[in-house]
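Trainee: Quick check, what structure comes out for this input:
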Amino acid sequence: MRIERKRYVVMRRNRTEVWCGLSKNFSFRPISEVKDVSVKTYHSEAQAESGCSSWDRDFEVVPVIETILTEDELPTLPQPSSEPLTLEEMRGMDGEPAWITPAKARGNIPARWMLFAGVRQGVCLFMPAGGISQGYRTESYGKTWLAYRRPPEGEEEI
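Mentor: Predicted coordinates for the structure are as follows:
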């Protein structure tokens, strides 16, 4: 099933926030925070205008296309490769997550997600959740450690 219909939403004039909520609990929410929050939609532009006619005028009514899909209709997103990253690929990932794993069994060092923080003096720097940076020498990449965009098949996320 696929239903598409024209609706209207109320947004701040700078289009960074949209009118959200149910019943009497409405507020403007930043677009980046909407996720599972209900966005208030209107059947017509006039209905949207009349619904907020008493407010300050720092908003606009924006036409949108509302789409309702069954789960089997949802588009599938391409999965990132489970091949190890190259050092060159990592250099372009400043601030992005990488799955770091020892290339060989190395005692109690677990594989885990860390944020790539750059390469300095031959060391790839990463920030784990604890906030203390950790470095891995570029010359030992592939010998003692590897980095991936996602965990390799069979490796569990922690």
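
Trainee: all strands in the chain, in order from the N-terminus.
Mentor: 2-12, 17-22, 25-30, 59-69, 97-102, 112-120, 123-127, 134-137, 145-148 (DSSP state E).

Trainee: Nearest to Leu85, out of those strands?
Mentor: Ranking these by proximity to Leu85 (C-beta to C-beta) places strand 145-148 first, at 4.7 Å. For the C-beta atoms, the positions are set from N, CA and C on the backbone; glycine is no exception.

Trainee: Give the other helices and strands that the closest one contacts.
Mentor: On a contact count with 3 or more C-beta pairs under 8 Å, 6 or more residues apart in numbering; DSSP states H and E, strand 145-148 meets strand 97-102.

Trainee: Show the average pLDDT along the strand it packs on.
Mentor: The pLDDT scores in strand 97-102 average 88.

Trainee: Name the strands paired with that strand and say parallel or antiparallel.
Mentor: Under the criterion DSSP bridges, strand 97-102 sits next to strand 112-120 (antiparallel), strand 145-148 (antiparallel) in its sheet.

Trainee: Relative to Ser38, which of the strands of the chain is closest?
Mentor: strand 17-22 (5.2 Å).

Trainee: which residues touch the closest one?
Mentor: 9-12, 26-31, 34, 37-40, 52, 59 (C-beta atoms under 8 Å, 6 or more residues apart in numbering).

Trainee: Only the buried subset of these, as a ChimeraX command please.
Mentor: In ChimeraX syntax, the buried subset of the contacts of strand 17-22 is picked out as below (16 or more other C-beta atoms under 10 Å):
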select :9,10,11,29,39,40,52,59
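
Trainee: ranking the strands of the chain by burial, who's on top?
Mentor: strand 145-148 (a mean of 20; mean count of other C-beta atoms under 10 Å).

Trainee: what's the spacing between that one and its chain's center?
Mentor: 22 Å (C-alpha atoms, centre = their mean, to the nearest Å).

Trainee: Would you map out the domains in the protein?
Mentor: Recorded structural domains for the chain (assignment: automatic domain parsing) are 2-71, 87-148.

Trainee: could those be laid out in a markdown table, adding distance to Leu77?
Mentor: Output for these, formatted as a markdown table (distance: least, C-beta to C-beta, whole Å):
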| stretch | distance to Leu77 |
| --- | --- |
| domain 2-71 | 14 |
| domain 87-148 | 16 |
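
Trainee: Now do the buried residues in the biggest helix by length in the chain.
Mentor: Taking DSSP state H as the criterion, the chain has its longest helix at helix 45-51. Going by neighbour count (16+ other C-beta under 10 Å), the buried part of helix 45-51 is 48, 51.
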